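The following comprises the amino acid sequence and a computationally predicted model.
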Amino acid sequence: MLRGMTARSDAPASAPGTAPAPVSVIVGEEELLVERTVSALVAAGRLALAVDAGLTSPDGRTDLDDPATAPGDIHDVAAGDLSVGQLAALTSPSLFGGGGVVVIRSAQDAGKEVADEIVRYAADPAPDMVLIVTHAGGAKGKALLASLTKGRKTGAVTVIECPKITRFSDRLDFIRAEFRRAGRVADEGGLRALLDAVGSDLREIAAACSQLAADVEGHIGARAVARYYHGRAEASGFTVSDRTVEGRLADALEQLRWALATGVPPVLITSALAQGVRLLGRVGAAPRGKNSAALAAEVGAPPWKIDRVRQQLRGWAPEGVARALQIVAEADAQIKGEAASPAFALERAVRRIVACRN
């Protein structure tokens, strides 16, 4: 018989050999995390059904992807497509027994009568059935979500939070976790370089982590990431900019030389340096308690970039930012014709900008 369990919102959806709660509610808008949680709960539900049917041991020694060994039915439906009475049909015991798993997605789109049915079912779930409900967590369908989450007190309902990942530090944590899942470790430079190269989309980040973990032997650092993403010239330029304004001279020069060696135009590097220094000034001049999202809209940068710039501001004073802006302007003029060697002009600019920090 399936057992209820309580879980923290940041806990894994289920542990090996542990049956999921009769009702699980996944709340949030981070689609990749929601999808992974649903998959984990479906797998745990199928394993629990197999254990109850005596078809496998609790350690999961069976091929549950084989219909011949996976008992029960799996139903995956959108809440907006459910009609009145359909939930009862989906959760009714099969003539042949074995229970089943029902996934209802986007519960916020359910009509009032269907939402009432979901709440009634959650209060008295059927034996040997697992119900998994996803909800975006916004104002739409708020009453349904509130009613469902009351079941946490009895242990019949597990609520799992999958909020949107917007902070730069949280994305770095996600990348670390992805490499851990693959049994690999990347250093801080590699993590930041990957985020620079790929951007903020979680699916792209996860795919990049998987690719790097599979293809790169040994150390995963900034150089390894650069070999994969050297075609993204803008990212390479921004990597040089970030290392420079952070005062990491050796890393900045290494990234600069690597970017030039892989064909990044010098003008893109000065453009990235200019943007990095300008953001230092604009974010540094903003009120300290101003929300990252509000400031992002004001300066035209994503919220995660605002969080990063606030970290980079440590060690900078307004006078230093002003001097750095002047140095970038001089370097831009030099690489556009005033200097014999654009590479030398860029390296000199990087050294001078780093020296502008307190």
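Yes, it's here.

pLDDT below threshold where in the stretch 251-358 of the chain?
Applying pLDDT under 70 to the stretch 251-358 of the chain flags residues 338-339.

For it, just list every one of the helices.
For the stretch 251-358 of the chain, the helices defined by DSSP state H, counting those that start in this stretch cover 266-285, 292-299, 303-312, 318-333, 342-355.

Kindly present those as TSV, with separate columns for mean neighbour count and distance to L191.
To be clear about C-beta, it is placed using only N, CA and C from the backbone, and glycine gets the same treatment. Output for the helices of the stretch 251-358 of the chain, formatted as TSV (neighbours: other Cβ atoms under 10 Å; distance: least, Cβ to Cβ, whole Å):
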stretch	mean neighbour count	distance to L191
helix 266-285	20	18
helix 292-299	15	20
helix 303-312	20	12
helix 318-333	17	25
helix 342-355	19	22
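
Ok, which of those helices comes nearest L144?
Nearest to L144 among those is helix 292-299 (26.9 Å), distances taken as Cβ to Cβ.

who does the closest one touch, helix- and strand-wise?
On a contact count with 3 or more Cβ pairs under 8 Å, 6 or more residues apart in numbering; DSSP states H and E, helix 292-299 meets helix 266-285, helix 303-312.

Using CSV, write down the CA coordinates of the first one.
Listed in CSV are the C-alpha atoms of helix 266-285, where the atom choice follows Å, rounded to 0.1, in the frame of the first residue of the first chain:
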residue,chain,number,x,y,z
PRO,A,266,39.3,43.4,-30.5
VAL,A,267,36.4,45.8,-31.0
LEU,A,268,34.0,43.3,-29.3
ILE,A,269,36.3,43.1,-26.3
THR,A,270,36.5,46.9,-25.8
SER,A,271,32.7,46.9,-26.2
ALA,A,272,32.4,44.3,-23.5
LEU,A,273,34.8,46.2,-21.2
ALA,A,274,32.9,49.4,-21.8
GLN,A,275,29.6,47.8,-20.9
GLY,A,276,31.1,46.2,-17.8
VAL,A,277,32.5,49.4,-16.5
ARG,A,278,29.3,51.4,-17.3
LEU,A,279,27.3,48.9,-15.4
LEU,A,280,29.6,49.3,-12.4
GLY,A,281,28.8,53.0,-12.5
ARG,A,282,25.0,52.7,-13.0
VAL,A,283,24.5,49.9,-10.4
GLY,A,284,26.8,51.6,-7.9
ALA,A,285,24.9,54.8,-8.2
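
how about CSV for the helices and strands packed on helix 292-299, with distance to T37 added?
Output for the helices and strands packed on helix 292-299, formatted as CSV (distance: least, Cβ to Cβ, whole Å):
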stretch, distance to T37
helix 266-285, 34
helix 303-312, 23
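
S169: which of the ones you listed is closest?
Distance to S169, taken as Cβ to Cβ, is lowest for helix 303-312 among those, at 6.7 Å.

got the contact list for the closest one?
Under the contact criterion Cβ atoms under 8 Å, 6 or more residues apart in numbering, helix 303-312 has outside partners 166-169, 171, 200, 242, 245-246, 276, 279-280, 283, 292-293, 295-296, 299, 301.

Tell me how far the residue nearest to A214 when sequence neighbours are not counted lies from T37.
Leaving aside its chain neighbours, A214 sits nearest to A182 (7.6 Å; criterion: Cβ to Cβ, 6 or more residues apart in numbering). From A182 over to T37 the distance is 19 Å, taken as Cβ to Cβ, to the nearest Å.

neighbour-wise, which of the two wins?
A direct count of neighbours by other Cβ atoms under 10 Å for A182 and T37 places T37 higher, at 22 against 14.

Check what pLDDT that one gets.
Looking at T37, its pLDDT reads 94.

Mind checking what secondary structure it has?
helix (DSSP: H, G, I helix; E, B strand; the rest coil).

cool, H75 as well?
strand.

In this structure the residue nearest to A214 contacts S210, no?
Yes: here A182 lies in contact with S210, judged by Cβ atoms under 8 Å, at a distance of 6.6 Å.
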